[in-house]
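A.B. asks: got a predicted structure plus its sequence, pasted below:
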Amino acid sequence: QVQLVESGGGLVQPGGSLRLSCAASGSIFRIYAAMGWFRQAPGKDREFVASISRSGISIQYADSVKGRFTISRDNAKNTVYLEMNSLKPEDTAVYYCAATTGPVAVTSTGYNYWGQGTQVTVSS
């Protein structure tokens, strides 16, 4: 079983930055889990943001965040990060961390475990 806890969300002005963290419990994180970040804005479907393989070698981003967001992981700390720069109002959403014991994926159906989410609001 994997438990995921996100943190780091908040209110930021357009053009600002935030770093989200996702702490995972259990050794399964280091051994098995590819990780992903998704987000869901009010009235919209949950959408893929970024993913990272277990080794950290394979990384993918949604086109909407390429060049602005960076995903990374520290397996020694059982933590995955999402560094968000040049934030825009359209980045406003609840951000979710997800883990999978399968191959790294870009769709929500590819993930077994989910965090509770952290709110990111970009507004002046």
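C.D. replies: That came through, no problem. Numbering: from 1, shown residues only.
A.B. asks: phi, psi for Thr109 please.
C.D. replies: Backbone geometry at Thr109, expressed as degrees, to the nearest 10, gives phi -70, psi -10.
A.B. asks: looking at the protein, which helix or strand does the model trust least?
C.D. replies: Taking mean pLDDT, DSSP states H and E as the measure, the helix or strand of the chain with the lowest value is helix 28-31, at a mean of 65.
A.B. asks: identify the residues contacting Pro14.
C.D. replies: Going by Cβ atoms under 8 Å, 6 or more residues apart in numbering, Pro14 touches Leu87, Lys88, Pro89, Val122, Ser123, Ser124. Just so you know, the C-beta spots here come from the backbone N, C-alpha and C atoms, and that holds for glycine as well.
A.B. asks: any idea how far it is from Thr92?
C.D. replies: Per Cβ to Cβ, to the nearest Å, Pro14 is found 10 Å from Thr92.
A.B. asks: what is in contact with the two at once?
C.D. replies: In contact with both Pro14 and Thr92: Val122, Ser123, using Cβ under 8 Å, 6+ apart.
A.B. asks: thinking again about what came up before, next SSE after the least confident helix or strand of the chain?
C.D. replies: Moving toward the C-terminus from helix 28-31, the next helix or strand (DSSP states H and E) is strand 34-40.
A.B. asks: render the CA-only coordinates of that following strand in CSV, please.
C.D. replies: C-alpha atoms of strand 34-40 as CSV (Å, rounded to 0.1, in the frame of the first residue of the first chain):
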residue,chain,number,x,y,z
ALA,A,34,6.6,5.8,-11.3
MET,A,35,5.0,9.0,-10.3
GLY,A,36,2.8,11.6,-11.9
TRP,A,37,1.2,15.0,-11.3
PHE,A,38,-2.3,15.8,-12.5
ARG,A,39,-4.6,18.8,-11.9
GLN,A,40,-8.3,19.5,-11.9
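A.B. asks: which other helices and strands does the helix or strand following that strand contact?
C.D. replies: Sequence-wise, the next helix or strand downstream of strand 34-40 (DSSP H and E) is strand 47-52. The contact analysis (3 or more Cβ pairs under 8 Å, 6 or more residues apart in numbering; DSSP states H and E) places strand 47-52 against strand 34-40, strand 59-61, strand 69-74, strand 79-84.
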